[in-house]
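Peer 1: From the sequence below, what's the structure:
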Amino acid sequence: MPADFEVQEVDDLATLESGLDALESSGEQEKRFTLKRVVLKSSPVFIAIAVVLGIWQLLFALKVKPDYVIPSPQMVWNSFTAQWKLGMVWPAVQNSITRGFIGFALSIAIATPLGILVSQVKFARLALRPVLTGLQQLPSVAWVPAAIIWFGLSPSTIYCVVILGAAPSIANGLVAGIDQIPPLYLRAAKVLGLSGFSSIRQVVLPAAFPNYLAGLEQGWAFAWRSLMAAELIAVSPELGAGLGQLLEVGRTLGDMSLIVMSIFLILITGICVERLFFAPIRRRVFRARGLLVE
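Peer 2: Next up is the predicted model:
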């Protein structure tokens with residue numbers, strides 16, 4: 001009997017060890033798989049960047065244009081380091097991101113109830129939907145002169161342009177999402193006794209959220225472009241430095257390296273916001289609805 005017990009104990013211990021080894025092995029395989037997936041997803045981006053830099057350097061080496069027209073990548077990098085040492089880069093990025101998020105938040109606060117109103121009230125749809133579509137097509141830079149006259153060279157000018165550029169896209173995205181809700185959902189809400197605000201909060205908005213999220217992403221793109229247009233034109237010491245103002249300084253000085261550097265900062269900042277803020281939300285929403293394809 002003790003011998004049988006010892007044999008069973010040895011077998012259990014061996015089973016436990018093999019299980020732990022399997023877990024450790026699967027964990028290592030998962031890490032390797034994740035690393036491989038990251039490399040596979042990232043490699044096309046780095047290849048594209050390398051190709052662009054190579055073509056850029058080739059154009060500079062061939063002297064297609066003078067270096068004050070087409071600066072080399074090294075010249076642009078030197079401009080970046082010089083502006084960084086002067087303390088110009090980070091305050092400009094910080095100011096632009098702050099303005100962009102404040103204007104975007106105000107756009108959401110205005111466009112969301114407006115989109116619900118247009119989707120639920122027939123008169124509002126007939127009256128406002130064409131206006132929203134027209135405003136979405138209007139270049140936001142067209143609002144800058146009017147906003148300067150209305151508010152002067154103040155932060156209100158910038159926020160006005162951002163809101164007028166972003167809000168129509170957000171509202172139209174929400175309206176499109178609500179229009180695509182299956183009628184079965186709305187009938188089920190009525191059967192459950194939901195109506196008015198409770199129906200909108202518990203059924204309409206959750207069902208329309210994927211399209212609403214797409215509208216938010218498009219709204220951010222319009223907000224960012226509107227912000228750059230406003231910062232380019234509405235230049236004042238009271239407003240402080242932004243990426244648009246940094247770009248305008250480069251144009252005023254005729255410094256192409258500073259201009260290209262500012263363009264890259266605008267591009268990289270926009271990409272970072274999309275990848276760090278919108279992409280995780282989009283993945284979570286799509287995964288919850290079974291729409292995400294890894």
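Peer 1: three-state assignment of the residue nearest to residue 251 when sequence neighbours are not counted?
Peer 2: Counting by C-beta to C-beta, 6 or more residues apart in numbering, the nearest residue to residue 251 once its immediate chain neighbours are dropped is residue 259, at 6.3 Å. Placement of C-beta: from N, CA and C, glycine included. State at residue 259, reduced to three classes by DSSP: H, G, I helix; E, B strand; the rest coil: helix.
Peer 1: how many other residues sit next to residue 259?
Peer 2: Residues contacting residue 259 under the criterion other C-beta atoms under 10 Å number 20.
Peer 1: Touching, it and residue 249? I think so.
Peer 2: No - at 9.1 Å, residue 259 does not count as touching residue 249 under the criterion of C-beta atoms under 8 Å.
Peer 1: can you pull the contacts of the nearest residue to residue 255 once chain neighbours are set aside?
Peer 2: Nearest non-adjacent residue to residue 255, counting by C-beta to C-beta, 6+ apart: residue 79, 7.2 Å away. When the contact criterion is C-beta atoms under 8 Å, 6 or more residues apart in numbering, the partners of residue 79 are 71, 255, 257-258, 260-261.
Peer 1: per-residue confidence at residue 79?
Peer 2: As summarised for this prediction, residue 79 has a pLDDT of 88.
Peer 1: Please apply the same query to residue 202.
Peer 2: In the predicted model, residue 202 carries a pLDDT score of 75.
Peer 1: Ranking helices and strands of this structure by mean pLDDT, which lands last?
Peer 2: None of the helices or strands of the chain scores lower by mean pLDDT, DSSP states H and E than helix 2-61, at a mean of 64.
Peer 1: How is the chain divided into domains?
Peer 2: Each domain of the chain is listed here as a residue range: 1-64, 73-288, per automatic domain parsing.
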